[in-house]
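# Sequence first, predicted model second:
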Amino acid sequence: MTVRRSRIVAADVRDDLAVALDALRASLELPTGFPADVLAEATDAAATVPVDPAAAGLADLRDLELLTIDPAGSTDLDQALHLERTAAGAVLHYAIADVPAFVAPGGALDAEARRRGQTLYAPDGRIPLHPPILSEDAASLLPERDRRAYVWRFVLDEGARPIETTLVRAVVRSRAQWSYEDAQRAIDDGTAPGSLAAMPWFGAARAERERERGGASLNLPETRVVAEADGYRLERSEGVPLEEWNAHVSLMTGMAAAQIMLDGGIGILRTMPPASPDDVAEFRARTIALDLPWRLDVPYGEYLRTLPHTLAARAVREYAGGLFRGAGYEVFDGAPPAAPLQAAIGAPYAHTTAPLRRLVDRWSLVICEALANGRAVPEWARQSLPEVPKLMGASAQRASRLDAGALDRVEAAVLHGREGEEFTGVVLRAKGDTARVQLVRPPVEATVTGLTVDPGTAVRLRLVSAAIADGALEFAPV
């Protein structure tokens, strides 16, 4: 795993950054806390919603040795899994936090969650979808605690294809909370428990299924802002293989949820149209210009998977992101949508595995559980379903603006005081005399004018200014 880091340490810079982040949140009109009636309702739900299987009328699946895999330090744990290899393939249990048990339709908690749409993440703390007494405690699948969950059970063949799928509400008890890094090390050194030890097989098999569907995973290195005692750290990492394997668990579950809803004639899908012929042609031309031609006989997803780790390939992946556009939510009650596919996945797909952090998943879980067990979909879910796409669209816009604005300000803070220094970078995109450049170190992206070069070219830049207040960076070509 390649990790590049850069840290803020100067006290005055940290103070300026704190002011800038506060101003950013204010400009986006983000909530600063939960109203009293919402907190009261959440506190009451945490104390009164039963977790005894008999009292709640739920299946008792506490004997399953589930585990969670999340970024280090996570407390809002949506998913826990148990994967057991069999002679014919495997059995996968995937437990998803039972948020609907705690959120009464039409109540104050429900209304507040609809206003928020999703958990928002900022360098100086997250703005949760639900009060922490639920999202980080009573509803979170924390280890060694009885918790309510929707439990998917997949019987898989040797190619990790689901040949039997069931979904029940149950009480579960996770055994351990793993970080991605610790879990990957345990897999690599042979000390991992059975569920983790089976993940390389599952990930490889599901990647092959993705190839068959014509799907494509665009795994760009991610720049993360990590909070530390004396400031923040920018970290750009390729991640570990387990992150992709674990993502395939969620993807498979989302595809199963979509199929249940399509078969049942009601639901909400996460859709994305295929790339237009013009966009495909432009992307193919870009790959030729970068000397990494996408041949006509190679599927798109396969081409992305075989790209090398070079500067030119980084630019190709950046352009590939332009083909993944137009994602949205499609509601149906009766006839299925005319275009049900999520084009990047290559199949119908639904968001259903992160209800603590994303509003739409609550509807997906309730609808799927009813349909999978031959019951009518609850009327509250059916009646309110058409409202969800607009709520999710608004929250996605807020999240995007917060992510971009916060990253800009942290990047400016990392570079503040280094005006006049020269940096090496690679051009990701270029149009006319303006280019988007990724610095090698620190891991900062910047738009640079007066730079007329091809994508994939290594360049030298001099920092002119770094304004923490609005995140504006100015570089000059050397």
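All right, it came through fine. What you see is a predicted model, and the numbers here were worked out from it, not measured in a lab.
# For this structure, give me the ranges with low pLDDT.
Low-confidence segments of the chain (pLDDT under 70): 1-9, 219-222.
# following the lengthiest helix in it, which helix or strand shows up next?
Secondary structure assigned by DSSP state H gives helix 388-415 as the longest helix of the chain. The helix or strand immediately downstream of helix 388-415 is strand 422-431, counting by DSSP states H and E.
# gap between that next one and the chain center?
Distance of strand 422-431 from the chain centroid (CA atoms, centre = their mean, to the nearest Å) equals 27 Å.
# now the angle from the helix or strand just after that strand to helix 388-415?
For strand 422-431, the following helix or strand on the C-terminal side (DSSP H and E) is strand 434-439. Angular relation of strand 434-439 and helix 388-415 on a 0 to 180 degree scale: 70 degrees, by axes from the mean of the first three to the mean of the last three CA atoms, to 10 degrees.
# on that earlier part again, which secondary structure elements does the longest helix of the chain sit against?
Helices and strands touching helix 388-415, by 3 or more CB pairs under 8 Å, 6 or more residues apart in numbering; DSSP states H and E, are helix 11-27, strand 120-122, strand 222-228, strand 231-237, strand 328-333, helix 360-372, strand 458-467, strand 472-477. The C-beta positions use only the backbone N, C-alpha and C, and glycine is treated the same way.
# can you give me how far the third one is from the chain middle?
Strand 222-228 has its C-alpha centroid displaced from the chain centroid by 15 Å (CA atoms, centre = their mean).
# Other residues contacting it?
Residues from elsewhere that reach strand 222-228 (CB atoms under 8 Å, 6 or more residues apart in numbering): 7, 123-125, 232-237, 239, 406-407, 410, 443, 445.
# about what we covered before: and the helices and strands packed on helix 388-415 as JSON lines, adding mean neighbour count and distance to Phe202?
What follows is these, written out as JSON lines (neighbours: other CB atoms under 10 Å; distance: least, CB to CB, whole Å):
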{"stretch": "helix 11-27", "mean neighbour count": "16", "distance to Phe202": "39"}
{"stretch": "strand 120-122", "mean neighbour count": "19", "distance to Phe202": "28"}
{"stretch": "strand 222-228", "mean neighbour count": "15", "distance to Phe202": "22"}
{"stretch": "strand 231-237", "mean neighbour count": "20", "distance to Phe202": "22"}
{"stretch": "strand 328-333", "mean neighbour count": "16", "distance to Phe202": "28"}
{"stretch": "helix 360-372", "mean neighbour count": "24", "distance to Phe202": "22"}
{"stretch": "strand 458-467", "mean neighbour count": "16", "distance to Phe202": "38"}
{"stretch": "strand 472-477", "mean neighbour count": "18", "distance to Phe202": "42"}
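# Of all those, which one is nearest Tyr150?
Closest to Tyr150 of the helices and strands packed on helix 388-415 is helix 360-372 (CB to CB; 5.0 Å).
# tell me the domain ranges of this protein?
Domain assignment for the chain by automatic domain parsing gives 3-264+350-411, 277-321, 420-477.
# how long is the last one end to end?
End-to-end distance for domain 420-477, by CA to CA, to the nearest Å: 12 Å.
# Ok, stretch 59-77 next?
21 Å.
# Let's have the helices and strands packed on helix 388-415 in JSON lines, adding distance to Ile187.
Listed next are the helices and strands packed on helix 388-415 as JSON lines, based on distance: least, CB to CB, whole Å:
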{"stretch": "helix 11-27", "distance to Ile187": "37"}
{"stretch": "strand 120-122", "distance to Ile187": "27"}
{"stretch": "strand 222-228", "distance to Ile187": "21"}
{"stretch": "strand 231-237", "distance to Ile187": "18"}
{"stretch": "strand 328-333", "distance to Ile187": "35"}
{"stretch": "helix 360-372", "distance to Ile187": "28"}
{"stretch": "strand 458-467", "distance to Ile187": "35"}
{"stretch": "strand 472-477", "distance to Ile187": "39"}
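# Looking at those, which is nearest to Ala399?
Using CB to CB, the helices and strands packed on helix 388-415 put strand 120-122 closest to Ala399, at 5.5 Å.
# State the distance from the nearest residue to Leu142 once chain neighbours are set aside to Pro193.
Ranked by CB to CB, 6 or more residues apart in numbering and with sequence neighbours excluded, the top spatial neighbour of Leu142 is Leu77, at 6.1 Å. Using CB to CB, to the nearest Å, Leu77 is found at 17 Å from Pro193.
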